[in-house]
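>>> Return a 3D structure for these sequence lines:
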Amino acid sequence: MKRKSIILSIILSISFVAIFSITSKAISSNEEDFLKYLITKTYPELKEEKKSKGIIKIGVNMLKKDDKKIEAHKNEEFIKITVNDKKTVETNNKIETNNKIAKKANQMKPQVPQKVELVNGKPQILIYHTHGTESYEPERTGNYHSLNRKYSVIAVGEELKKNLETKGYSVLHNQDYHDYPSFNGSYARSLKTARGLLSKYDSIKFIFDIHRDGIDIKNGEMRKNVRKQETTTINGEKVARFSIVVGPESPNRKEVEKFANYIINISNKKYPGLAKKVIVKPYGKFNQFLSNNYALIEIGGNANTIQESLNTAKYLSEILDEVLKNMKR
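Numbering: from 1, shown residues only. Take a look at the predicted model:
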């Protein structure tokens, strides 16, 4: 019995020494285990290497070493954690798939909308404004809603008209206010105007409702940042960027969206960065059922200057000229 006790004491002593040595070594010198501990505590979703299936390997050198030490450990990684994170893998695959789709989309030739016949000598294009009081810097009256046409979307529409006319198009620019004296019912009033003009001139094949984007600007710093995002430079001059809005409830939504995407594609080809993405709103028709070739165009925003937006009209006319030429029967 005494002999067994001695043997047991020896075994326990050896075990204690071994455990103490291993623990001391881990605490004092095992950098990898210590960093693993920190990472798993910081990112609990990570699994230690021995518990994973080894799909993703993350090698990180968190502690800088001099060249000699790096050479000494050239076959080791300071941190080597293998993670079987299904969510991460699926996300990465999704991103990769989206990138492939985006690359294919960029390589694809833009789909030309249905061809139309333009009659010379009669109005071919209608430009009008559902929200004609929308204004730009420096006109801030009425929270950027002013009857001063010099600084409003009406001036931009007139500039677009003039530039299109120099390219040989017959353009009708309606300058009626539909959002004054009441903003409510603007689209109902502009619909009545547009229908009246379309019934009078059945030669009109393209309709452009010109707006500007609007953001509730809190301070000067915000105005500066918004303007920076909404502005690009072409041929050395500042130009307001534009976007096209699509109403999802319009019965011809697919055709309207196709027309919008074609304009954006041509813009990206001619002036990269000028156009933003097509915006499909959660609801609304925006009178787009009047024509498949209808575009609600937002030129710049209330942080842009009127001159930047007038500059946009010049380049937009070149974009629309190419669009219309490609659609002409």
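
>>> so where do the strands sit in the stretch 151-300 of the chain?
171-173, 206-213, 231-234, 237-240, 242-246, 279-280, 294-301 (DSSP state E, counting those that start in this stretch).

>>> Just the residues contacting the fifth one, thanks.
Contacts made with strand 242-246 from outside it, assessed by CB atoms under 8 Å, 6 or more residues apart in numbering, are listed as 211, 213, 253, 256-257, 260, 263-264, 267, 274-281, 286, 288, 295-300, 312, 316. Yep, even glycine has a C-beta here, placed from its N, CA and C like the rest.

>>> buried sites along that strand?
Of the residues in strand 242-246, Phe242, Ser243, Ile244, Val245, Val246 count as buried by neighbour count, 16 or more other CB atoms under 10 Å.

>>> So what sits opposite Phe208 in the bridge?
Judged by DSSP bridges, the bridge partners of Phe208 are Ile127, Ala295.

>>> give me the low-pLDDT residue ranges for this protein?
Scanning the chain for pLDDT under 70 picks out 1-109.

>>> please redo it, this time with the cut-off set to 50
Filtered on pLDDT under 50, the chain yields the residue ranges 17, 19-107.

>>> so where do the helices sit in it?
2-28, 31-42, 67-72, 86-107, 141-144, 153-165, 186-200, 220-229, 253-270, 306-327 (DSSP state H).

>>> The shortest one packs against which elements?
When you say that, I think you mean helix 141-144. Helices and strands in packing contact with helix 141-144 are not found; criterion 3 or more CB pairs under 8 Å, 6 or more residues apart in numbering; DSSP states H and E.

>>> what's next to that helix, contact-wise?
By CB under 8 Å, 6+ apart, the list of residues contacting helix 141-144 from outside reads Thr133, Glu134, Ser135, Tyr136, Asn148, Gly214, Asn302.

>>> Now the two most distant members of these.
Asn148 and Gly214 (16.7 Å; CB to CB).

>>> sorry, back to before: mark which of the contacts of helix 141-144 are buried, thanks.
Buried among the contacts of helix 141-144 (16+ other CB under 10 Å): Thr133, Glu134, Ser135, Tyr136, Gly214, Asn302.

>>> Ramachandran angles for the fourth one?
Put plainly, it is Tyr136. phi -120, psi 170 (degrees, to the nearest 10).

>>> And it, how far from Val156?
Distance of Tyr136 to Val156, computed by CB to CB, to the nearest Å: 8 Å.

>>> Identify the contacts common to the two.
Common neighbours of Tyr136 and Val156 (CB under 8 Å, 6+ apart) are Arg212, Gly300, Ile306, Ser309.

>>> residues contacting the last one?
Which is Ser309. By CB under 8 Å, 6+ apart, the neighbours of Ser309 are Tyr136, Val153, Val156, Arg212, Ala240, Ile299, Gly300.
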